[in-house]
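In: everything below, folded, please.
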Amino acid sequence: MQSQDVAQRHAPASGPAGVERAEDPLVEHYPRLVRLAYLVLPPGLGRGRRVLTAHALAQRALPRGRKDAARVPVQPSGRGSARRGPADPATRENDPGYAHLRERVLRAALTAARPHRGLPPLLPRVWGLRLVPRSGGADELALEQRLSKLSAPARAAYVLRGLDRLPDQEIRKILKATGVDDPGSALASANTVPAQPGLLSSPDFDPCALQARPTDLPRRRRHTRAALGAAAALALCGALLALPRSGWGPDGAAAPVYAGNPAAQAALDPARLTRVSPTAWRSAARTDFSAWPARGPLTGDKDLLRRALAVWARPGRRVRVSATPGTQTGGPAGPPQLLYAGRLDAARVVILYDGLRIARYAEPADGTQGAAMDFARVDGATGAEASALVLGRADGNVRYLLAPWVKEAATRDLMKPASPPIPLAVTDGVTAPLTSPALATGNCTSWTVLQLSDGFGTRLSSDLGELVPAHLTAGRPGAPDEAAGPEGLRAWAPFACSLATERSAGVRSVNAWDYAEQPLPDGSGAAQWACTRAETWRGDGAAALAQFRVPGSQYAAVTAQGTDTAACGPRDPHVLAGVLWKSRGGHWYLLAAGSPDTVAIHASGGITASAPGSLMISKAAKGARAELKGTLAGGRVIDGLH
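Out: Next up, the predicted model:
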């Protein structure tokens, strides 16, 4: 159980502190400091070297001696422990320790970005592995190309403005403090690149979420065979160059072919792609991706389709590959099914399906440099889970490819249940752009979801940063209703912002369940207890959040979180959670609530209390912590969600 403290934070104090005190802000803000260094370093270093250098610069930001340690400010105290949704960037900017480390990291990154005479330094380096961030799409590639044309100070200004949302006046001070001679010129250059804060926070620019790949295994083996191995490699390369439709030309960004395999080559033949009739879904036994027809204006572009298949089978070194957790990235076992091929904004996009996975290939419209390959598990998807796929994201928006059985598409704000849905234009199955909550940053004031109707029902889905949007339901686990109904919309409204915690986690569906209502001890009304549970495509890793909302509040507070738990799900439709609550009169109480079949609740540890039934109220002291246990009607004992 986590406590909820609604008191204001105290202003941070400053003064000398040691290295141990400087470690706290470094650990807390380490991913952001590394991301800042990674974005400021020159792209010419290469993605792998930029990753290692960014980590080195962030770790070297710790003071090395007593003189440096004395300059580290004392960190703020009194932070509340209840989670209230997405973090407020203002709390980070009010942290003097973070500001001090940010300046040190920025100074080091700007120094590393200056031209060096002679040979480049050899370290840092990881032998035998290539470490690169998770791959993004064409939008991230376009932004990185624009940033590569800026100077290091201009990149720093752009990143400070977009990532930390600092005003220009503050950016001038920071750049001046880090040794930039002309901050005004850097800001002016940064203004030439459109602001895209959502892309700066994407996994493509996260040097803490890495993929490991071997460097060059064939060459290392050849070294052991000396001249004989080198001669064999030259002969093989010559043979490959003589082969028709292979290598780096027709296959685009794919890696070269090292060995022939007739079965594998047959799976990569565009002529053998499975294409479903546009009317096959009307008589299909299942409403899943296997009934989708091939759509898009480029379904006849054999060169594009061959490049997509070749990159799927053997992505080149510069191809950005990403996959949802638990998804394999190997080539198809047989000819996959073509779902879409066409142009989308500034990219060519191909979507393929092999019965278990969706694979999306994207390349720039003017070439193959910077191609990307994304994978997502969809085994067992049917109905609502097989009704939409993400074609692409750009400028804070997302566009979907819809199932052929979808008759009406609309958008709605999940935080405004009384507002009517807004119709969404659809052309050849492709929707017009709609706001993507997966790209939103800052305070959560709205949450746009996709509403689809097929003539038999209406369903809601939310973009959580993956190829397949998450299906939203509401009601008791095991028998939930669609969230598109009036009751489901009212149930989801206070908890929409909590969906941000499930981004890029391989989420299949999320259910919201109002399991208890508790009168408050000061007579100010009744509080609402709910559990939101996210199921994943891989089956494990399900997350459950216990949330608490007082009357008159638009948002709920997360009081407990469980990962890899069966609680609040169809296998175990029970939940128990508590919160430390402060009344208007200044009195503190322990409030606890269990699912309807709870017959008794017991608290131990910092608070000792018991109550019959599914609700408990006990006086408590500020900051007290307790362990909760509940007894079900059949005598089974459950723990509080944690």
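In: tell me the contacts of Val180?
Out: By C-beta atoms under 8 Å, 6 or more residues apart in numbering, the residues touching Val180 are Leu110, Pro153, Ala156, Ala186. Quick note: C-beta positions are derived from backbone N, CA and C, even for glycine.
In: so Thr329 makes contact with Phe375?
Out: Yes. Thr329 is within contact range of Phe375, at 5.4 Å (criterion: C-beta atoms under 8 Å).
In: helices of the stretch 151-300 of the chain, start to end?
Out: For the stretch 151-300 of the chain, the helices defined by DSSP state H, counting those that start in this stretch occupy 152-163, 168-177, 183-190, 197-200, 217-242, 262-267.
In: quick one: list the elements packing against the shortest one.
Out: Judged by 3 or more C-beta pairs under 8 Å, 6 or more residues apart in numbering; DSSP states H and E, helix 197-200 is in contact with helix 138-148, helix 152-163.
In: of all those, which one is nearest Gly562?
Out: When the helices and strands packed on helix 197-200 are compared by C-beta to C-beta, helix 152-163 sits nearest Gly562, at 31.1 Å.
In: run through who's touching the closest one.
Out: 32, 35-36, 39-42, 106, 109-110, 113-114, 147, 150, 166, 168, 170-171, 174-175, 178, 180, 182-183, 185-187, 189-190, 193, 195-197, 200-201.
In: at 7 Å what do you get?
Out: 35-36, 39-40, 42, 106, 110, 113, 147, 150, 166, 171, 174-175, 180, 186-187, 189-190, 193, 195-197, 200 (C-beta atoms under 7 Å, 6 or more residues apart in numbering).
In: tell me the buried residues within those residues.
Out: Neighbour counting with 16 or more other C-beta atoms under 10 Å marks 35-36, 39-40, 42, 106, 110, 113, 147, 150, 166, 171, 174-175, 180, 186-187, 189-190, 193, 196-197, 200 as buried within those.
In: what bits of the protein have low per-residue confidence?
Out: 1-22, 64-94, 115-137, 210-264 (pLDDT under 70).
In: scan it for its longest strand.
Out: strand 507-519 (DSSP state E).
In: tell me which residues of it come out buried.
Out: In strand 507-519, counting by 16+ other C-beta under 10 Å, buried: Val507, Arg508, Ser509, Val510, Asn511, Ala512, Trp513, Asp514, Tyr515, Ala516, Gln518.
In: can you list the residues you listed in CSV and add distance to Ile351?
Out: What follows is those, written out as CSV (distance: C-beta to C-beta, whole Å):
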residue, distance to Ile351
Val507, 20
Arg508, 19
Ser509, 21
Val510, 24
Asn511, 28
Ala512, 30
Trp513, 34
Asp514, 37
Tyr515, 39
Ala516, 43
Gln518, 47
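In: looking at the residues you listed, spot the one nearest Thr411.
Out: For these, the closest approach to Thr411 (C-beta to C-beta) belongs to Val510, at 17.8 Å.
In: which residues pair with that closest one across the strands?
Out: Leu472, Ala534 (DSSP bridges).
In: what segments of the stretch 401-550 of the chain are strands?
Out: Along the stretch 401-550 of the chain, counting by DSSP state E, counting those that start in this stretch, strands occupy 408-413, 422-423, 426-427, 430-431, 434-435, 448-453, 458-462, 470-474, 481-482, 507-519, 526-536, 543-549.
In: domains for the protein, by residue range?
Out: Domain assignment for the chain by automatic domain parsing gives 19-212, 216-242, 262-377, 383-573.
In: picking up where we left off before, figure out which of the helices and strands packed on helix 197-200 is closest to Ala410.
Out: Of those, nearest to Ala410 by C-beta to C-beta is helix 138-148, at 24.7 Å.
In: perfect, I'm done here.
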